[in-house]
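Engineer: below are the sequence and a predicted model; questions follow.
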Amino acid sequence: MKLGILELSLIQIIMYSLIWLVNSYLGFLLCLIIGSIAAALLILSLILEVIEKSKVPKSYYRFMLSAVLCPSIVMVTFIALYPDAMSWMQP
């Protein structure tokens, strides 16, 4: 069974949300770190694609874009909906 980009994005959102619900500190760090690494890889891949064409399928870029957007969406949603989600930052 081949999963499309929509299914993979939903799986990512569910996994990040579950982690965030269990532990907001760990969820915040994972969303921040994984989203940043995925963004850096996507930008680097796009720059290298412009410099030298490769045979990387378009699905790779779509998945990398979802790997950047899904953690960001979950992070913004949880911070907006649950003001106490960031209570670990207060002394």
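Structural biologist: That came through fine. Source: prediction; values computed, not measured. Residues are numbered from 1 along each chain as shown.

Engineer: CA only for contacts and neighbour counts going forward, please
Structural biologist: Noted.

Engineer: ok, now which ones touch the residue nearest to the spatial centre of the chain?
Structural biologist: Centroid check for the chain by Cα atoms, centre = their mean gives Pro71 as the closest residue, at 3.2 Å. Applying Cα atoms under 8 Å, 6 or more residues apart in numbering, we find Pro71 in contact with 12-13, 16, 31-32, 34-35.

Engineer: I'd like these as a markdown table, with distance to Met1 and pLDDT appended.
Structural biologist: Formatted as a markdown table, these follow (distance: Cα to Cα, whole Å; pLDDT from 0 to 100):
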| residue | distance to Met1 | pLDDT |
| --- | --- | --- |
| Gln12 | 18 | 94 |
| Ile13 | 20 | 95 |
| Tyr16 | 23 | 95 |
| Cys31 | 28 | 92 |
| Leu32 | 31 | 93 |
| Ile34 | 26 | 95 |
| Gly35 | 27 | 94 |
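
Engineer: reformat those as TSV; add secondary structure, neighbour count and distance to Phe63.
Structural biologist: Supplementary listing: these in TSV, determined by DSSP: H, G, I helix; E, B strand; the rest coil; neighbours: other Cα atoms under 10 Å; distance: Cα to Cα, whole Å:
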residue	secondary structure	neighbour count	distance to Phe63
Gln12	helix	18	11
Ile13	helix	21	13
Tyr16	helix	22	16
Cys31	helix	23	16
Leu32	helix	15	17
Ile34	helix	15	13
Gly35	helix	21	12
